[in-house]
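A.B. asks: Following is a predicted model, sequence given first.
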There are 2 protein chains.
Amino acid sequence: MRCRICKKEAVIKVRSFGIALCEEHLVEFCLKRVKEAIKRYQMLKKEEPVLVAISGGKDSFVLWDILDRLGYKTTGLFINLGIKSHSEKALEKVEKFANERALPLEIVDLKEAYGFTIDDVKRKETRTVCAACGMIKRYIMNNFAYSKGFPVLATGHNLNDEVATLLSNVLSWKGGYLARQGPVLPAEGRFVRKIKPLCELTERETAAYAILTGIDFFEERCPYSKGATSIIYKRALNLIEYHSPGTKIRFYREFVKRAKELFKRQEEELKECPNCGYPTTHPPCAFCRLRERMTA
Amino acid sequence: MRCRICKKEAVIKVRSFGIALCEEHLVEFCLKRVKEAIKRYQMLKKEEPVLVAISGGKDSFVLWDILDRLGYKTTGLFINLGIKSHSEKALEKVEKFANERALPLEIVDLKEAYGFTIDDVKRKETRTVCAACGMIKRYIMNNFAYSKGFPVLATGHNLNDEVATLLSNVLSWKGGYLARQGPVLPAEGRFVRKIKPLCELTERETAAYAILTGIDFFEERCPYSKGATSIIYKRALNLIEYHSPGTKIRFYREFVKRAKELFKRQEEELKECPNCGYPTTHPPCAFCRLRERMTA
């Protein structure tokens, strides 16, 4: 297997494009894909300070690395969720990554800032902790960006994440969610703009990028993530992609281009949380309700 | 495993309902599901003569059997597609089924009526024969029903068929197809009403029904069907259903109830084929174009 561009020994076959690439050109390919996605979906301008959500996992580091290489003004944000042993180890990797590159890093400690941890949620709540954790992270990331004057928040969702969520929302025809899914969610009131610059790179490609560029990422999976349904959607989509390469990117692009707007009128109106001001469909917002239960 | 209803030994677990059923109550369950689907989607009235598309496979026989048991005025239609050895064997099973039950059967021979066979299509055309065969069957079934005064045409599509097609159309966001998919396609000009009374029964349930009621169906798969992409979609959906029972029926019902209408405005206008009068988006119709190529 030879690199399509330089004919050197290839390290990866990019199936959706039907091409093989060497180490150097895979890195170039990923940079180009992110650059093109930013342009296609009008995500970000060079002069805008962008807050980058950093978990310590490969996708968040690849995102930060690429945005920095492309010359954007990045600041990392790590949220210490207080998951025993897991969160501390993730934080170590994140601090090392930021220090090595002299990139600015901000840290929010869930316990210090809001008085509870994800371990507390796991212990006290009956519903699945993953949904609550996702909601908490979105809340904190947005509030941090908004209050510190970052107009844009970037997250490391890759194509596999995006199409798994899309499929999940389609299987239940969740019109309101579909209306708000995509590579860019525009700013609205206290919501800063949310962008997903890796949305056209597959998980395999971001993993290859991380390994080939020597990124020292945190490999341990969250102890609470076992049995997450998103894994099943990813497997189902991988099966289809294997037989029809290009299905995922078409599913995503055509959704954004033609279908997303159809669901706009199923969107629920956003109101303001009387407690914290966060936009929500059902005040008080889900974060304030959870925090109330956790700290009562 | 005991039957939920009578506590006798169960023969099948209906996973989407979380119940086990014995032979007698599985049959009753299927009849009830079809009856309810006909009512829910307002498919058919008792006094309307219904043309039932019969291939000889289990789903078409189950459909015919159930509609007859429920007291509908059914006539079977078998199309001899001229697939060597396969079509003749299917016809034998169909004639036996109709004779045993004294049900009226009509036969259209593709070669006699239109001058070519599916074997000819396979030999002469480069594109996949399955797509052409589907188009030919839809054309002939509709024209037969229309010209013989049947207001309704019933086909044996089960839930697995329906959700596989739905997923396929969603993955490409084919708005025009999505606008026309569902359990009922209303009459329009020379299009008679099309209905799918088995749309809420899974393939596993129709297979169990066929076996338990002793239906002698044609088990041989079409020699041209290997590698059909619909099989991959079915496998992907089975994977999801296995982990989240009830996903398929929810996907289908919510689509019909809430999402289908959103795609209406993406539908292309139907025109009339100048040659045969059949409704088509791009005249002359696909059947006349193919027939021209086949018989030139």
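C.D. replies: Cool, got the structure.

A.B. asks: Spell out which residues of the stretch 51-200 of chain A are next to chain B.
C.D. replies: Contact residues, the stretch 51-200 of chain A versus chain B (CB under 8 Å from any CB of the partner chain): A:Val170, A:Leu171, A:Ser172, A:Trp173, A:Gly175. C-beta here means a position set from N, CA and C on the backbone, and glycine is covered the same way.

A.B. asks: hang on, isn't the first one packed against A:Leu178?
C.D. replies: The one in question is A:Val170. Yes: the criterion here is CB atoms under 8 Å, and A:Val170 meets it with A:Leu178 at 7.2 Å.

A.B. asks: Would you show me how to pick out the buried ones of the residues of the stretch 51-200 of chain A next to chain B in ChimeraX?
C.D. replies: Burial among these is assessed by 16 or more other CB atoms under 10 Å in any protein chain shown; the matching ChimeraX selection reads:
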select /A:170,171,173,175
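
A.B. asks: now the residues of the stretch 51-200 of chain A next to chain B in CSV, with pLDDT and secondary structure?
C.D. replies: Below are these laid out as CSV (pLDDT from 0 to 100; DSSP: H, G, I helix; E, B strand; the rest coil):
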residue, pLDDT, secondary structure
A:Val170, 97, helix
A:Leu171, 97, helix
A:Ser172, 96, coil
A:Trp173, 96, coil
A:Gly175, 91, helix
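
A.B. asks: now, among the residues of the stretch 51-200 of chain A next to chain B, which is nearest to B:His282?
C.D. replies: Distance to B:His282, by CB to CB, is smallest for A:Val170 among those, at 28.4 Å.

A.B. asks: Leaving aside the residues adjacent along the chain, what's closest to that closest one?
C.D. replies: Spatial nearest neighbour of A:Val170, chain neighbours left out: B:Val170 (5.6 Å); criterion: CB to CB, 6 or more residues apart in numbering or on different chains.

A.B. asks: Let me see the contact set for the one you found.
C.D. replies: A:Val170, A:Phe251, B:Leu178 (CB atoms under 8 Å, 6 or more residues apart in numbering or on different chains).

A.B. asks: The second one: helix or strand, and which one exactly?
C.D. replies: Meaning A:Phe251. helix A:247-254 (DSSP states H and E).

A.B. asks: Buried residues, that helix. List them.
C.D. replies: Under 16+ other CB under 10 Å, the buried positions of helix A:247-254 are A:Thr247, A:Lys248, A:Ile249, A:Phe251, A:Tyr252, A:Arg253, A:Glu254.

A.B. asks: out of these, who's near chain B?
C.D. replies: Answer for these near chain B (CB under 8 Å from any CB): A:Thr247, A:Phe251, A:Glu254.

A.B. asks: what's in contact with stretch A:28-48?
C.D. replies: Counting by CB under 8 Å, 6+ apart, A:14, A:21, A:50, A:62, A:66-67, A:69-73, A:151-152, A:154, A:182-184, A:195-201, A:205-206, A:209, A:256 sit against stretch A:28-48.

A.B. asks: Okay, and which of these map to helices?
C.D. replies: Cross-referencing the contacts of stretch A:28-48 against helices under DSSP state H gives A:Val62, A:Ile66, A:Leu67, A:Arg69, A:Glu205, A:Thr206, A:Tyr209.

A.B. asks: I'd like these written out as TSV, with neighbour count added.
C.D. replies: Shown next, in TSV, are these (neighbours: other CB atoms under 10 Å in any protein chain shown):
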residue	neighbour count
A:Val62	26
A:Ile66	25
A:Leu67	22
A:Arg69	14
A:Glu205	23
A:Thr206	26
A:Tyr209	26
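
A.B. asks: before we move on, back to that, what two of the residues of the stretch 51-200 of chain A next to chain B are the furthest from one another?
C.D. replies: Longest span within these, CB to CB: A:Leu171 and A:Gly175, 12.9 Å.

A.B. asks: Any stretches of chain A with poor pLDDT?
C.D. replies: A:227 (pLDDT under 70).

A.B. asks: Can you show me the strands along it?
C.D. replies: Counting by DSSP state E, chain A has these strands, from start to end: A:12-14, A:19-21, A:49-53, A:73-80, A:105-109, A:152-154, A:184-185, A:193-195, A:271-272, A:279-280.

A.B. asks: ok now do the nearest residue to A:Cys22 once chain neighbours are set aside, which residues does it touch?
C.D. replies: With CB to CB, 6+ apart as the criterion, A:Cys22 has its nearest non-adjacent residue at 3.7 Å, and that residue is A:Cys3. Taking CB under 8 Å, 6+ apart, we find A:Cys3 in contact with A:Glu9, A:Ala10, A:Ala20, A:Leu21, A:Cys22, A:His25.

A.B. asks: picking that back up, buried ones among the contacts of stretch A:28-48?
C.D. replies: The buried subset of these (16+ other CB under 10 Å) comprises A:14, A:21, A:50, A:62, A:66-67, A:72-73, A:152, A:154, A:182-184, A:195-201, A:205-206, A:209, A:256.

A.B. asks: just to revisit the earlier point, tell me the phi and psi of the residue nearest to A:Cys22?
C.D. replies: Dihedral angles of A:Cys3 (phi, psi; degrees, to the nearest 10) stand at phi -60, psi 130.

A.B. asks: Next one: it from A:Leu237, what distance?
C.D. replies: Distance of A:Cys3 to A:Leu237, given as CB to CB, to the nearest Å: 27 Å.

A.B. asks: A:Val27 too?
C.D. replies: For A:Val27, the distance to A:Leu237 - CB to CB - is 25 Å.

A.B. asks: same deal with A:Glu9?
C.D. replies: Distance from A:Glu9 to A:Leu237, by CB to CB: 30 Å.

A.B. asks: So for the two, which residue has more residues nearby?
C.D. replies: Set A:Glu9 next to A:Leu237 and count neighbours by other CB atoms under 10 Å in any protein chain shown: A:Leu237 wins out with 22 against 11.

A.B. asks: so what's the more buried one up against?
C.D. replies: Applying CB under 8 Å, 6+ apart, the residues near A:Leu237 are A:Asn160, A:Val163, A:Ala164, A:Leu167, A:Thr247, A:Lys248, B:Ala236.

A.B. asks: Neighbour-wise, give me the winner out of the residues you listed.
C.D. replies: A:Val163 (27 neighbours).

A.B. asks: Excluding covalently adjacent residues, which one is nearest to it?
C.D. replies: A:Lys248 (4.8 Å).
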